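J.: Provided below are the primary sequence and the corresponding predicted coordinates.
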Amino acid sequence: MIPPMPPPRLDVASLPTRVRPLARLSKAWGGATLWIKHDDDTGTLLSGNKIRKLQYAVREAIDQGADTLVTCGGIQSNHCRATAALARRMGLRISLVLRGEPPATSTGNLLLDEVLGAEIEWVTPEQYRQHGAVMDRVAERLRAAGRRPYVIAEGCSMPVGSWGYIEAAREIADAEREHGLRFDAIVHAVGSGGTSAGLELGLRLCGLGAQLYGINVCDDASYFRERIAGLCAATAEIYGLPVTVPPHEIDLIDGYVGLGYGQTRPEELAALVMLARLEGVILDPVYGGKAFHALSQLWHAEPFARMHDVLFIHTGGLHGLYAHAEALAEVVG
């Protein structure tokens with residue numbers, strides 16, 4: 001099946017991203033060959049999986065005449081940092097809704113948000129549960145001040161953003177042809193559902209046979225199964241995509257949230273350090289690090305034990321690592 005033509009997007013990410021085998025890690029683990037797709041290579045400030053989605057959403061915002069982007073996330077949100085950087089590159093203003101309290105010292109992504117001049121509204125975790133309504137209120141306030149806001153969903157997990165990982169699925173299909181293989185599985189972290197939705201749609205549109213496994217880093221599998229299915233349905237309806245993604249076909253691996261979103265454990269950081277020292281690949285501890293730790297625990301169990309080639313998607317987020325310096329020091333010291 002040939003995927004339909006996507007909507008227009010900006011051209012600011014370095015695409016396509018590399019796909020390569022992790023030969024030393026695969027030898028150390030035994031069993032299947034683990035491959036990696038380097039979506040950490042999409043840029044510097046514009047790095048990671050977020051910019052794939054934002055290229056479509058921000059193009060839509062500009063086409064609609066917006067002068068300000070409004071979005072939300074945690075204190076160390078990769079999405080907020082990437083949105084702020086892209087806003088400034090395109091000559092737009094940026095307004096962020098962040099969950100938590102301003103720390104005494106800004107580090108990592110928050111420091112970059114401030115350097116980029118983001119307007120920040122801090123909300124409590126309880127208030128953040130209604131982050132959509134909070135962003136709508138921010139947008140209304142901006143309109144009253146004469147500005148033209150465009151609201152971007154958390155993680156850019158919205159129909160227009162789904163195209164970012166439909167596009168990534170095309171790249172995976174190209175990588176299979178280049179390397180002469182078929183991936184048995186594709187593994188990635190799930191934080192807001194948009195990457196999953198794009199991949200679920202893209203794998204079907206491109207006719208790929210790999211089973212997609214999402215490892216949720218917050219909430220639980222039942223929450224994300226419904227969220228991802230709903231986003232797939234909305235995207236397919238808006239853009240006339242000839243595929244459906246029933247909730248029961250969405251495969252999520254639960255049980256690896258650990259201490260909660262944005263928090264790490266020594267065993268998760270140890271897996272991150274092991275990958276860095278074997279392959280020179282550094283993951284972020286909130287998304288990729290947790291997903292990789294989960295994969296390391298499941299590698300010799302079903303279904304991975306019977307596979308030949310598995311693809312892990314590195315979704316970026318290096319800047320957020322600096323906020324975990326103390327915890328990392330205990331692991332690497």
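T.: Structure's in. What do you need?
J.: how much space between the residue sitting nearest the centre point of the chain and residue 211?
T.: Nearest to the mean C-alpha position of the chain, counting by CA atoms, centre = their mean, stands residue 49 at 4.5 Å. For residue 49, the distance to residue 211 (CB to CB, to the nearest Å) stands at 19 Å. Just so you know, the C-beta spots here come from the backbone N, C-alpha and C atoms, and that holds for glycine as well.
J.: surely the residue nearest to the centre of the chain and residue 164 touch.
T.: Yes. Look at residue 49 against residue 164 with CB atoms under 8 Å: they come within range, at 7.4 Å.
J.: tell me the residues that contact both of the two, please.
T.: Common contacts of residue 49 and residue 164, defined by CB atoms under 8 Å, 6 or more residues apart in numbering, comprise residue 195.
J.: buried ones in stretch 219-237?
T.: 219, 221, 224-225, 227-229, 231-233, 235-236 (16 or more other CB atoms under 10 Å).
J.: which of the residues you listed lies closest to residue 144?
T.: residue 231 (30.5 Å; CB to CB).
J.: which helices and strands sit right next to the helix or strand containing that closest one?
T.: Assigned by DSSP states H and E, residue 231 belongs to helix 221-239. Counting contacts by 3 or more CB pairs under 8 Å, 6 or more residues apart in numbering; DSSP states H and E, helix 221-239 is packed against helix 159-179, helix 194-205, strand 211-216, strand 251-253.
J.: just those: most buried one?
T.: helix 194-205 (a mean of 27; mean count of other CB atoms under 10 Å).
J.: related to what we said a few turns ago, closest one of the buried residues of stretch 219-237 to residue 139?
T.: Nearest member of those to residue 139, counting by CB to CB, is residue 231, at 20.9 Å.
J.: pretty sure that closest one is touching residue 159, no?
T.: Yes. Taking CB under 8 Å as the contact criterion, residue 231 and residue 159 are neighbours in contact, 7.0 Å apart.
J.: show me which helix or strand of this structure is least confident by mean pLDDT.
T.: Across the helices and strands of the chain, mean confidence by mean pLDDT, DSSP states H and E is lowest for helix 325-332: a mean of 88.
J.: for the stretch 1-150 of the chain, which residues score under the pLDDT cut-off?
T.: 1-3 (pLDDT under 70).
J.: change it to 80
T.: 1-4 (pLDDT under 80).
J.: now the helices for it?
T.: Remark: helices assigned in the stretch 1-150 of the chain by DSSP state H, counting those that start in this stretch are 23-29, 49-63, 78-89, 108-115, 125-128, 131-144.
J.: would JSON lines of these with distance to residue 199 be doable?
T.: As requested, the helices of the stretch 1-150 of the chain are exported to JSON lines (distance: least, CB to CB, whole Å):
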{"stretch": "helix 23-29", "distance to residue 199": "22"}
{"stretch": "helix 49-63", "distance to residue 199": "10"}
{"stretch": "helix 78-89", "distance to residue 199": "17"}
{"stretch": "helix 108-115", "distance to residue 199": "24"}
{"stretch": "helix 125-128", "distance to residue 199": "26"}
{"stretch": "helix 131-144", "distance to residue 199": "23"}
